[in-house]
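Colleague: Below are the sequence and a predicted model for it; my questions follow.
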Amino acid sequence: MWQFRLWDVQDVAVFLSITLYICDLAGAISIHSSQRSLTRSVQEDVFFSVDVSCSGIPTIQWNFMSAVVSRTIGTWQPGVYSNITVDYSSRVQAYINGSMGLSDLRLQDAGFYVVTVTEAGGSSKDVGFVLKVNEVLYEDLQYLSVSALALACVAALLMLVMWLLNKVYKRIVAWRRKTQMPENNETELQPL
């Protein structure tokens, strides 16, 4: 009676096998990170925490990008080799799980960091991080204290000038009064 069948059991099994295989390929590389936006101050250290998992030994590459420059920080395979560029060789620490530590931050380090994980088969996956680097607070306080001291000196100088001008004004007024008064000799006393 029912002669119309869309799928039979073998077709469903093949479809599920292909779907699982594709899902397995798509999920072959996974990169997990708890925090992708970081803020640090100059001269501090930052740790880009990732947990990389894949089949086989992955190749991990970190790149830096900003509005001004784009460059490779380093490439490594956990337990096999590590190749950190000369610009970062004294400041970068590479970790087996794909994480990277960057020490002694500079203002120029602010930007976008990308970790690329590549398998031996050629498939790869990227994850990005944003790093904001702030200037050290004590430099701002130093600038503020120097500015306050300069303004205090200018205020003291202005008060001294105002005091001196007041003294000069009083002497001029006294001198004018003295010159406008008649001399004692010229004044005659009249009898009553």
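Modeller: Everything's here; your move.

Colleague: Show me what the mean pLDDT comes to for the lengthiest helix in the chain.
Modeller: Counting residues, the longest helix found in the chain (DSSP state H) is helix 137-180. Per-residue pLDDT over helix 137-180 has a mean of 89.

Colleague: Who are the contact partners of residue 131?
Modeller: Shown in contact with residue 131 (C-beta atoms under 8 Å, 6 or more residues apart in numbering): 38, 39, 40, 46, 109, 110, 111, 112, 113. (Glycine included, C-beta is placed from N, CA and C.)

Colleague: Report the buried members of those.
Modeller: Taking 16 or more other C-beta atoms under 10 Å as the criterion, what is buried in those is 40, 46, 109, 110, 111, 113.

Colleague: Closest one of those residues to residue 133?
Modeller: Residue 133 lies nearest to residue 110 out of the buried ones among the contacts of residue 131, by C-beta to C-beta, at 4.1 Å.

Colleague: What are the neighbouring residues in contact with the closest one?
Modeller: Contacts of residue 110 were listed using C-beta under 8 Å, 6+ apart, and they are 66, 131, 132, 133.

Colleague: Leaving out chain neighbours, which residue sits closest to it?
Modeller: Closest residue in space to residue 110, ignoring its immediate chain neighbours: residue 133 at 4.1 Å, by C-beta to C-beta, 6 or more residues apart in numbering.

Colleague: ditto for residue 125
Modeller: Closest residue to residue 125 apart from its sequence neighbours, by C-beta to C-beta, 6+ apart: residue 29 at 4.3 Å.

Colleague: Ok, residue 100 next?
Modeller: Residue 100's closest residue in space is residue 48 (C-beta to C-beta, 6+ apart), at 4.8 Å.

Colleague: Paired strands for the strand ranked longest in the chain, with orientation please.
Modeller: Criterion DSSP state E: the longest strand present in the chain is strand 124-134. Within its sheet, strand 124-134 is paired with strand 37-41 (parallel), strand 111-118 (antiparallel), according to DSSP bridges.

Colleague: Could I have the CA atoms of the longest one written out in CSV?
Modeller: What it means is strand 111-118. Only the C-alpha atoms of strand 111-118 are listed here, as CSV (Å, rounded to 0.1, in the frame of the first residue of the first chain):
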residue,chain,number,x,y,z
GLY,A,111,46.4,46.7,18.9
PHE,A,112,44.9,43.5,17.5
TYR,A,113,46.6,40.1,18.2
VAL,A,114,45.6,37.0,16.2
VAL,A,115,46.5,33.4,16.9
THR,A,116,46.3,31.1,13.9
VAL,A,117,46.3,27.3,14.6
THR,A,118,47.1,25.1,11.6
